[in-house]
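Asks: show me how the following folds:
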Amino acid sequence: MDPRSVKQTPTGDAVVNGRRIRHGYLKLGIKTFARMRADMDPFVSAVRRRTIFVQNGLHGRFVGDNKLCLAILSDPSFRYLFPAKTLDAVRDHIPWSRGLANCADADLKRIRRNRTAYVLKRPFDTRGRGVVVGRGVATDSEWAHAVERARRARWVVQQFVETAQFETDDFGNDQRYHDLSIGLINGKLSGAFARSGNDLRLNLARSGRLHPVFIGS
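Replies: You can find the predicted model right below:
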């Protein structure tokens, strides 16, 4: 549904085409959200009042969709912003990440010289857009140009992390990348999905495909 079609009843319930809505999966990218925001007051009000539940809420989307939050969690310069327990919990799950605009000259030189070791990401982009994988760039000069463009536009640079691969035939002639995502509600495992594809970006908008995940009791 289009979130602009949400109406609110006098009691605050959210309704679309006469049907009461309690839950939604918000796929709207933040840039699109911002463009549509003026026409979305009933939807935003319903989410804030929790008459519609969406994953992570609006604050979570605004923070989480901005990939610069990973640079803040990774960069020791910002350690003072977080409790030590929080950093201990996420440290092993976040690759080396920095805001390119804040990188020292030595870091920039290392990033330019080692394109296979890094990925560039544009904040607030989704579905595989605004991502430059160094090992997918043809030449060092193209990579240097991409780094400079990303630095000027204040993108994020991250360490490239190898993902798992599996064989899709009995002879090892075809390899696919895959990953696993888990969902938590109130700190408890509530669901999971796996993706596979032949692209370094496993987004479903590209070659990614969803697979079922079975969880034992």
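Asks: only C-alpha atoms for contact and neighbour calcs from this point on.
Replies: Noted.
Asks: show me the strands in this protein, by range?
Replies: 7-8, 14-16, 19-21, 23-24, 53-54, 97-99, 118-121, 131-133, 156-159, 164-167, 175-185, 188-197, 209-211 (DSSP state E).
Asks: now these as a markdown table including mean neighbour count, distance to L108 and mean pLDDT?
Replies: Converted to a markdown table, the strands of the chain look like this (neighbours: other Cα atoms under 10 Å; distance: least, Cα to Cα, whole Å; pLDDT from 0 to 100):
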| stretch | mean neighbour count | distance to L108 | mean pLDDT |
| --- | --- | --- | --- |
| strand 7-8 | 20 | 50 | 91 |
| strand 14-16 | 19 | 49 | 93 |
| strand 19-21 | 14 | 49 | 92 |
| strand 23-24 | 14 | 42 | 88 |
| strand 53-54 | 17 | 39 | 89 |
| strand 97-99 | 23 | 11 | 95 |
| strand 118-121 | 23 | 11 | 95 |
| strand 131-133 | 19 | 16 | 92 |
| strand 156-159 | 24 | 10 | 96 |
| strand 164-167 | 13 | 28 | 76 |
| strand 175-185 | 14 | 29 | 83 |
| strand 188-197 | 15 | 31 | 86 |
| strand 209-211 | 15 | 35 | 84 |
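Asks: closest to D41 out of these?
Replies: D41 lies closest to strand 7-8 among the strands of the chain, at 9.0 Å (Cα to Cα).
Asks: packing partners for that closest one?
Replies: Secondary-structure packing of strand 7-8 (3 or more Cα pairs under 8 Å, 6 or more residues apart in numbering; DSSP states H and E): strand 14-16, helix 41-48.
Asks: of the ones you listed, which is nearest A138?
Replies: helix 41-48 (43.8 Å).
Asks: mind listing what's buried along the closest one?
Replies: Buried residues in helix 41-48, counted by 16 or more other Cα atoms under 10 Å: 41-47.
Asks: next, format those as a markdown table and append pLDDT and distance to Y25.
Replies: Output for these, formatted as a markdown table (pLDDT from 0 to 100; distance: Cα to Cα, whole Å):
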| residue | pLDDT | distance to Y25 |
| --- | --- | --- |
| D41 | 94 | 18 |
| P42 | 93 | 16 |
| F43 | 93 | 13 |
| V44 | 93 | 14 |
| S45 | 92 | 16 |
| A46 | 92 | 14 |
| V47 | 91 | 12 |
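Asks: of all the helices and strands packed on strand 7-8, which lies closest to L70?
Replies: Per Cα to Cα, nearest to L70 of the helices and strands packed on strand 7-8: helix 41-48, 25.2 Å.
Asks: now that closest one: how far from the chain's centre is it?
Replies: 23 Å (Cα atoms, centre = their mean, to the nearest Å).
Asks: can you show me the CA trace of it as CSV?
Replies: Backbone C-alpha positions of helix 41-48 (Å, rounded to 0.1, in the frame of the first residue of the first chain) are rendered in CSV as follows:
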residue,chain,number,x,y,z
ASP,A,41,0.7,12.8,8.6
PRO,A,42,-1.9,10.1,9.4
PHE,A,43,0.7,7.3,8.8
VAL,A,44,3.4,8.9,10.8
SER,A,45,1.0,9.7,13.7
ALA,A,46,-0.2,6.0,13.7
VAL,A,47,3.3,4.7,13.9
ARG,A,48,4.3,7.1,16.6
